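K.L.:
one predicted model, sequence on top.
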Amino acid sequence: MKWSGSESGDFDEAAVAGILRTFSFLTPPIRPSGAVIAEFRRHFEAAAGRPTLIYGATPELVDLANDLGCPQVVSLDWNADTFEAMRRIARTDWSGVIFRHGNWTIPEPEFRGRFGCVACDGGPLFLRYPDQWRTASEAAYGYLDPGGRWVSRAVDWPAEDPPFDACLRRYVDEFLAKQARLDAEGRLAAFKSLTVEIRVRSFQRVVGENFSIDQRKLARRNDEAARILFAEFPEPRLREIAEMNLLRLARPDPQQSELVSIVPPGAARRTLEDIGFVTEVTDLKAAVPACDYVLAGIRS
Ligand SMILES: C[S@@+](CC[C@H](N)C(=O)[O-])C[C@H]1O[C@@H](n2cnc3c(N)ncnc32)[C@H](O)[C@@H]1O
């Protein structure tokens, strides 16, 4: 299978370096955990022998498809710099992976009926509900062959109890209690996890109409958490981690993040079923300390 117009050569070196730096501060559950990868593996195996389309360029997903001997992997993203950055941190050889510059919500006529699986890790957070969830899922439906699967990791919001401030305090106290037992590298890794955990917790009921994220509330929580961490951990290396994960990640503007909606599994499922998918949800709350779930739509 061949597509023209692979644009993987068209990237900006400074932007690629910036993306790699951002990634160096992240840990699961923002990066996909083992439990998430195991779910994707199950779906990829069900589509074995057929091409896979990745919405985005998540290295763990492209590597997984390569590990399973997928005959063709295509990455669809509107940012060539992301693809190039992910290619550089990949574990497998991406020389056969095709990059396609495009938008998940705008159908690519050439992709019709060509894939056994369309997969995306965390992308639904970047889409408005219900319209963009629907257009991205309808596009995926069109790209699949019969029996093909549209699989994404999505996020529900964590329970409101205990409240955010109490969770924040507890996470900081847990870090303080364990840090003396860690060597310098272990302490840095634990601090990265602390900031990632806080970031995920900041999603506690920040949703309004149509599950759209209340940007002011989300920003206030992350700002407050950063202020506390800066005061308690003034060392430059820790400060940098807190700043990157709480103030800058997916947040080009201090008042407006790139994260758009947090949709619970029931509503997510209905959107896919309206399109004609048979759905399957795997709740990963127990396995992952976050509110992750994997949503699969199977084309009949
Ligand atoms: C897949 S998402 C979520 C993060 C992901 N879990 C990861 O591995 O980094 C991030 C990527 O989505 C891309 N993106 C977001 N919305 C998009 C859209 N509507 N069409 C194409 N690419 C999009 C961004 O350029 C970015 O590279």
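P.N.:
Received, thanks.
K.L.:
now do the helices in the stretch 101-250 of the chain.
P.N.:
131-143, 164-179, 184-201, 215-232, 236-242 (DSSP state H, counting those that start in this stretch).
K.L.:
of all these, which one is nearest the ligand?
P.N.:
Proximity to the ligand, assessed across these by C-beta to the nearest ligand atom, is greatest for helix 131-143 (6.9 Å). Every residue, glycine included, has its C-beta placed from N, CA and C.
K.L.:
roughly how far apart are the residue in the stretch 201-300 of the chain positioned nearest to the ligand and A296?
P.N.:
The stretch 201-300 of the chain approaches the ligand most closely through E258 (7.3 Å), counting by C-beta to the nearest ligand atom. As judged by C-beta to C-beta, to the nearest Å, E258 and A296 stand 25 Å apart.
K.L.:
these two: which has the busier surroundings?
P.N.:
Shown here are E258 and A296; by other C-beta atoms under 10 Å, A296 has more neighbours (23 against 11).
K.L.:
neighbours of the residue in the chain that the ligand sits nearest to, how many?
P.N.:
Proximity to the ligand, evaluated over the chain using C-beta to the nearest ligand atom, is greatest for G56 at 2.7 Å. G56 is flanked by 23 other residues according to other C-beta under 10 Å.
K.L.:
for it, what are its contacts?
P.N.:
Shown in contact with G56 (C-beta atoms under 8 Å, 6 or more residues apart in numbering): 75-77, 82, 120-123.
K.L.:
let's see if you can find the most crowded of those.
P.N.:
Result: S75 is most packed of the contacts of G56 (other C-beta under 10 Å), 27 neighbours.
K.L.:
what are the bridge partners for that one, then?
P.N.:
Judged by DSSP bridges, the bridge partners of S75 are I54, F99.
K.L.:
quick one: pLDDT of the closest residue to E240 other than its chain neighbours?
P.N.:
Spatial nearest neighbour of E240, excluding adjacent residues (C-beta to C-beta, 6 or more residues apart in numbering): F25 at 7.9 Å. Looking at F25, its pLDDT stands at 98.
K.L.:
quick check: F25 is in a strand.
P.N.:
No - using DSSP: H, G, I helix; E, B strand; the rest coil, the assignment for F25 is coil, not a strand.
K.L.:
can you list the strands that the lengthiest strand in the chain pairs with?
P.N.:
Longest strand in the chain by number of residues, with DSSP state E as the criterion: strand 144-155. If you go by DSSP bridges, strand 144-155 pairs up with strand 115-121 (parallel), strand 292-299 (antiparallel).
K.L.:
for the ones you listed, give me JSON lines that also has mean pLDDT and distance to E209.
P.N.:
Formatted as JSON lines, these follow (pLDDT from 0 to 100; distance: least, C-beta to C-beta, whole Å):
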{"stretch": "strand 115-121", "mean pLDDT": "98", "distance to E209": "24"}
{"stretch": "strand 292-299", "mean pLDDT": "97", "distance to E209": "21"}
